[in-house]
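# Give me a 3D structure for the following:
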Amino acid sequence: MFRPSTPTQKPLISNFRCRYGLFEYNVMPFGLSNAPGVFQYLMNDIFRDILNVFVVVYLDDILIFSQNPEDHPKHVRAVLSRLRHHGLYAKPEKCEFNHESVEFLGFIISENGIQMDPKKIAAITDWEPPTNVKGIQRFLGFANFYRRFIQGYSKIAAPLTSLTRKELPFKWTAVAQAAFDALKKAFTSAPILVHPDPEKPFFVETDASDFAIGAVLLQPDGQRQLHPVAFHSSTPSRRPLPLLRIRAKRGEEAFRSQETTILTPDRLCLATTFLTPLDSSLLDRIKAACMSDDFAKTIRKQLKIPESQ
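From the prediction side, this is the model:
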């Protein structure tokens with residue numbers, strides 16, 4: 001049973017009748033479609049002023065983080081005190097305290113960054129080739145959860161994604177097998193995504209092909225080596241691209257019609273506009289806009305941007 005009380009207004013849609021009479025719940029039961037939303041609202045309300053300060057909450061998964069060991073006991077005590085005050089309790093056997101690395105929502109989180117759960121990687125690498133559309137959908141659904149770790153995910157997965165179209169008959173080809181193997185290999189070599197530091201500069205690298213566009217957000221370490229913060233890729237037909245409208249619109253229409261005559265500068269421009277909605281709060285602090293081949297030169301020339309800008 002969830003701790004939140006059910007509404008007191010009548011009629012209660014959770015009521016049920018049986019041979020012994022009419023019954024109603026006093027607390028939120030499992031199984032109601034609104035139960036997760038109500039419980040998440042309760043948790044957000046309990047921790048509202050400290051969310052993302054030293055605690056992250058998703059339903060009944062609570063992650064407490066601290067900048068130094070001295071503050072951590074205080075943060076843990078504050079979270080446990082609020083839970084007790086609101087009548088919520090944690091089972092000690094399901095809790096982990098004072099760890100430098102924890103598993104949270106399918107990710108391994110440490111001071112070095114975020115990485116994939118090795119158990120999930122094993123599940124992907126052991127996946128047998130799909131034999132029908134539903135099999136591909138299950139594989140892609142599982143893989144999509146970790147796409148943020150794979151550079152050029154949409155480009156790699158494009159042959160598999162095309163097999164899910166209703167208008168195309170299912171046919172497992174050598175191209176599909178190669179894409180399937182490449183995707184599994186990419187997951188086994190996925191990098192650790194570093195935690196973004198707002199005090200350091202950000203760099204963006206974009207790329208584009210005839211059927212996919214992508215970008216990676218990077219940040220340097222103390223030795224000026226760039227490390228990925230986040231990868232992003234997609235096919236342009238999935239979402240509108242609001243900036244650089246003339247260039248982006250022309251490129252998107254060509255993608256929608258499956259034409260392959262877009263010039264490389266147009267693709268790069270399209271990839272850059274596509275990146276803009278991603279992590280906009282971080283992109284406001286980016287010092288170097290792009291690192292694509294000849295990006296600055298070609299875009300400045302096409303858009304007639306003065307050299308002083």
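# separation between the nearest residue in space to D71 that is not next to it in sequence and H75?
Excluding its sequence neighbours, the residue lying closest to D71 (CB to CB, 6 or more residues apart in numbering) is F54, at 7.5 Å. Any C-beta I mention is one placed from the backbone N, CA and C, and that applies to glycine too. For F54, the distance to H75 (CB to CB, to the nearest Å) stands at 4 Å.
# okay, and the common contacts of the two?
The contact sets of F54 and H75 overlap at I64, F65, S66 (CB atoms under 8 Å, 6 or more residues apart in numbering).
# Narrow those to those in strands?
Cross-referencing the shared contacts of F54 and H75 against strands under DSSP state E gives I64.
# Tabulate the shared contacts of F54 and H75 in CSV, adding columns for distance to M116.
Below are the shared contacts of F54 and H75 laid out as CSV (distance: CB to CB, whole Å):
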residue, distance to M116
I64, 22
F65, 19
S66, 24
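# residues near the residue nearest to L32 when sequence neighbours are not counted, how many?
Excluding the flanking residues, the one nearest L32 by CB to CB, 6+ apart is S14, at 6.4 Å. Residues contacting S14 under the criterion other CB atoms under 10 Å number 16.
# ok, now the one 10 residues further on?
For E24, the count of nearby residues is 12 (other CB under 10 Å).
# same check, this time on A35
There are 17 residues near A35, going by other CB under 10 Å.
# Test for you: state the pLDDT assigned to the residue nearest to D71.
Looking at F54, its pLDDT reads 93.
# So it sits against S66, correct?
Yes: look at F54 against S66 with CB atoms under 8 Å: they come within range, at 5.9 Å.
# Need the residues touching each of these two.
With CB under 8 Å, 6+ apart, F54 and S66 have common neighbours H75.
# In terms of neighbours, single out the busier of the two.
Counting neighbours by other CB under 10 Å for F54 and for S66 shows that F54 has the greater number, 19 against 14.
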